[in-house]
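**Student:** Predicted structure and sequence below. I'll ask about it afterward.
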Amino acid sequence: MGVNYSIDCRHCGQHSDYTTYTDARTMRCADIDSSMHVDTEFAIRCPVCRSKLNTTEADFRAQVRVVRQA
Ligand SMILES: [Zn+2]
């Protein structure tokens, strides 16, 4: 089971689809549908420029869309 991130990086303008495989922290971070909480300690970075995408919840919501896979 993985988590797909659809990323629109504000820093470099790159759109990328990024998949990560589950661990507890990733799932907690990605669990925004139910709790509407974004974990800003666990960095999600742009795969191109390494800019941190979740410095704040607002940044995360503006740049990252999470698509959970069953
Ligand atoms: Zn970037």
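**Tutor:** Yep, it's here. Numbering: from 1, shown residues only.
**Student:** ok, then the element right after the helix or strand of the chain with the lowest mean pLDDT?
**Tutor:** Here the helix or strand of the chain ranked lowest by mean pLDDT, DSSP states H and E is helix 32-35, holding a mean of 46. Where DSSP states H and E defines the elements, the next helix or strand beyond helix 32-35 is helix 57-63.
**Student:** Can I get that following helix in CSV, CA atoms only?
**Tutor:** Below are the C-alpha coordinates for helix 57-63, written out as CSV (Å, rounded to 0.1, in the frame of the first residue of the first chain):
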residue,chain,number,x,y,z
GLU,A,57,-0.5,23.5,6.7
ALA,A,58,-1.4,26.2,4.2
ASP,A,59,1.7,25.5,2.1
PHE,A,60,0.9,21.8,2.2
ARG,A,61,-2.7,22.3,1.0
ALA,A,62,-1.6,24.7,-1.7
GLN,A,63,1.1,22.4,-3.2
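**Student:** pretty sure V3 is touching I44, no?
**Tutor:** No. With contact defined as C-beta atoms under 8 Å, V3 and I44 do not form a contacting pair (10.0 Å). Where C-beta positions appear, they are placed from N, C-alpha and C, glycine not excepted.
**Student:** Please say which of those two ends up with more neighbours.
**Tutor:** Neighbour totals were compared for V3 and I44, and I44 leads with 24 against 18 (other C-beta atoms under 10 Å).
**Student:** I'd say the more buried one and L53 touch.
**Tutor:** Yes. With contacts counted by C-beta under 8 Å, I44 reaches L53, the gap being 4.8 Å.
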